[in-house]
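Participant: What follows is a predicted structure for the sequence shown.
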Amino acid sequence: MGASVLMLVTNGFRPDPRVAKEAEALVKDGYDVTVLAWDRENAFPDREEHRGAHIMRIRTGWAGSMLHFLINYPLFFLRGLIMALRREDDIVHSHDFDTLPLGFMVSWMKRIPLVFDAHENYAQMISIDAPHIVPRLVLWMEGILTRRADLVITVSEVHAAHMRPNARNGVVLVENCINVPSDVPEPEFKDRRLRLLYVGTLEPMRYILESIDATRDIDGCVYEVAGWGRLEEDVRKRSDGSKVRFLGVLRHHDMLMRMASSDVVLCLLDPSNQNYVGNSPTKIYEAMAVGVPVLTTGGTTSGDLVAREKCGLVIDWSEESYRSAIEKLREPGLRREMGRAGRAAVEREYNWDNMKRRLLDGYRDALLRSR
């Protein structure tokens with residue numbers, strides 16, 4: 001067995017798609033990978049295996065809200081540090097800023113390399129809910145700890161540009177891509193009826209409730225919503241079982257099959273949210289991989305990608321733009337053309353095989369520098 005890796009996440013590992021893909025890639029390359037996850041909802045087993053990776057979970061009090069997260073975070077930190085110090089690992093991998101202080105302490109005390117994997121701009125993400133002083137503190141601390149990291153990874157060029165001034169060994173771009181799935185049928189675009197799909201976190205500033213309300217009185221549309229989050233109850237109330245359908249949480253393969261049977265995947269992010277501007281949503285790459293067009297928002301990384309690859313429509317953040325796009329997308333030939341363009345882009349560039357090579361090369365370089 002090769003080097004031992006300890007990954008840190010502050011979710012229960014459902015599994016988390018990005019963490020799971022990276023862990024699996026490292027396992028297949030000979031690493032011994034353990035994911036130390038914070039089961040904030042007390043909903044998962046203490047220990048289990050996932051595609052060769054060992055999953056260990058820490059439990060505290062319920063931490064499903066920002067307040068309870070802050071209350072229980074010190075206990076997660078302390079328990080995580082104790083568990084990590086009892087282990088013999090060769091590298092510690094912090095997923096997002098909220099595990100970076102713990103990862104730094106483990107790295108410093110055990111003298112092992114630190115990987116910082118930023119899934120998003122954390123300071124901008126929490127700026128919606130937290131007092132102004134908190135994002136500023138996070139930004140200051142992130143800069144200090146990023147300079148201590150032996151390998152810095154992120155998901156988009158926008159986030160990479162933000163991190164480069166503090167990343168002493170550069171930034172490795174590992175986007176949230178998948179390979180074209182071999183066991184998912186190609187979509188069929190037969191008529192002008194539209195099967196719309198949103199799948200992901202049910203959070204504000206993603207045009208979820210707005211798009212549901214706008215779609216209710218558009219003829220020839222069925223809107224399916226899957227996921228979990230703060231807006232779940234509102235989505236459930238709007239679901240009527242025919243025009244709007246709430247699907248709950250889908251397993252990954254089931255989600256890809258649902259995408260392939262849809263006509264359009266919605267990924268509308270409010271460009272006034274600076275974290276969303278730089279986000280690289282997995283669902284866009286997944287829709288491209290299965291050959292389904294994407295409807296997304298201008299002024300964002302995802303909008304730039306969709307416009308560049310001509311794999312969907314990019315609209316303004318408004319109901320008028322949304323309704324206009326729905327009418328354009330009624331044309332089956334246009335959907336077919338966009339879907340094929342997306343799949344071709346995945347086969348050429350935006351696939352997990354390419355991203356996996358970047359990850360593994362970064363790991364090898366980090367370990368070599370530490371010797």
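Facilitator: Looks like it came in fine.
Participant: Distance across stretch 196-209, terminal residue to terminal residue?
Facilitator: Stretch 196-209 stretches 14 Å from its first residue to its last (CA to CA, to the nearest Å).
Participant: gap between that stretch and the chain center?
Facilitator: The chain centre lies 14 Å from the centre of stretch 196-209; the measure is CA atoms, centre = their mean, to the nearest Å.
Participant: now do stretch 317-328
Facilitator: Its chain's C-alpha centre and that of stretch 317-328 lie 26 Å apart, by CA atoms, centre = their mean.
Participant: which other residues reach it?
Facilitator: Outside stretch 317-328, the residues that touch it by CB atoms under 8 Å, 6 or more residues apart in numbering are 194, 196, 207, 210-211, 214-215, 218, 221, 268, 270-272, 295, 297-298, 313, 315, 334. C-beta coordinates here come from the backbone N, C-alpha and C atoms, glycine included.
Participant: Mind doing that once more with 10 Å?
Facilitator: 192, 194, 196, 205, 207, 210-211, 213-215, 217-218, 220-221, 264, 266, 268-272, 295-300, 312-316, 334-335 (CB atoms under 10 Å, 6 or more residues apart in numbering).
Participant: now could you export just the CA positions of it as PDB?
Facilitator: Extracted in PDB, the C-alpha atoms of stretch 317-328 (Å, rounded to 0.1, in the frame of the first residue of the first chain):
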ATOM      1  CA  TRP A 317     -31.500  36.800 -13.800                       C
ATOM      2  CA  SER A 318     -35.200  37.600 -14.600                       C
ATOM      3  CA  GLU A 319     -38.500  36.000 -15.200                       C
ATOM      4  CA  GLU A 320     -38.800  37.500 -18.700                       C
ATOM      5  CA  SER A 321     -35.400  35.900 -19.700                       C
ATOM      6  CA  TYR A 322     -36.500  32.600 -18.200                       C
ATOM      7  CA  ARG A 323     -39.800  32.500 -20.100                       C
ATOM      8  CA  SER A 324     -38.100  33.500 -23.300                       C
ATOM      9  CA  ALA A 325     -35.500  30.700 -22.900                       C
ATOM     10  CA  ILE A 326     -38.200  28.100 -22.300                       C
ATOM     11  CA  GLU A 327     -39.900  29.000 -25.600                       C
ATOM     12  CA  LYS A 328     -36.500  28.800 -27.500                       C
END
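Participant: got the buried residues for it?
Facilitator: Within stretch 317-328, the residues that count as buried by 16 or more other CB atoms under 10 Å are Trp317, Ser321, Tyr322, Ala325, Ile326.
Participant: could these go into a markdown table alongside distance to Glu175, secondary structure and pLDDT?
Facilitator: Listed next are the buried residues of stretch 317-328 as a markdown table, based on distance: CB to CB, whole Å; DSSP: H, G, I helix; E, B strand; the rest coil; pLDDT from 0 to 100:
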| residue | distance to Glu175 | secondary structure | pLDDT |
| --- | --- | --- | --- |
| Trp317 | 23 | coil | 95 |
| Ser321 | 26 | helix | 97 |
| Tyr322 | 26 | helix | 97 |
| Ala325 | 25 | helix | 98 |
| Ile326 | 28 | helix | 97 |
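Participant: Which of these sits closest to Thr146?
Facilitator: Trp317 (31.1 Å; CB to CB).
Participant: In the stretch 1-150 of the chain, what residue spans correspond to helices?
Facilitator: Secondary structure of the stretch 1-150 of the chain by DSSP state H, counting those that start in this stretch: the helices cover 17-28, 66-85, 100-110, 122-126, 133-146.
Participant: same check, this time on the stretch 151-300 of the chain
Facilitator: For the stretch 151-300 of the chain, the helices defined by DSSP H, counting those that start in this stretch occupy 157-163, 208-215, 232-238, 252-260, 274-278, 282-290.
Participant: With mean neighbour count, distance to Arg57 and mean pLDDT added, can I get those in CSV?
Facilitator: As requested, the helices of the stretch 151-300 of the chain are exported to CSV (neighbours: other CB atoms under 10 Å; distance: least, CB to CB, whole Å; pLDDT from 0 to 100):
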stretch, mean neighbour count, distance to Arg57, mean pLDDT
helix 157-163, 19, 28, 94
helix 208-215, 18, 29, 96
helix 232-238, 15, 23, 96
helix 252-260, 18, 20, 96
helix 274-278, 21, 27, 86
helix 282-290, 26, 23, 96
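Participant: Asn72: which of the ones you listed is closest?
Facilitator: Per CB to CB, nearest to Asn72 of those: helix 232-238, 21.8 Å.
Participant: which strands and helices sit next to that closest one?
Facilitator: In terms of contacts (3 or more CB pairs under 10 Å, 6 or more residues apart in numbering; DSSP states H and E), helix 232-238 is packed against helix 208-215, strand 221-228, strand 244-248.
Participant: Make JSON lines out of these and add distance to Ala160.
Facilitator: Output for the helices and strands packed on helix 232-238, formatted as JSON lines (distance: least, CB to CB, whole Å):
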{"stretch": "helix 208-215", "distance to Ala160": "28"}
{"stretch": "strand 221-228", "distance to Ala160": "27"}
{"stretch": "strand 244-248", "distance to Ala160": "34"}
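Participant: and Ser4, which of these is closest to it?
Facilitator: Of all the helices and strands packed on helix 232-238, strand 221-228 sits nearest to Ser4, with 32.3 Å by CB to CB.
Participant: sorry, back to before: pick out the shakiest of the helices of the stretch 1-150 of the chain, pLDDT-wise.
Facilitator: When those are compared on mean pLDDT, helix 122-126 scores lowest, with a mean of 87.
Participant: That one packs against which elements?
Facilitator: Going by 3+ CB pairs under 10 Å, 6+ apart, helix 122-126 lies up against helix 133-146, helix 157-163, helix 274-278.
Participant: now what about the shortest one, what contacts it?
Facilitator: Outside helix 274-278, the residues within contact range by CB under 10 Å, 6+ apart are 118, 120-128, 154-162, 205-206, 268-271, 297, 299-304.
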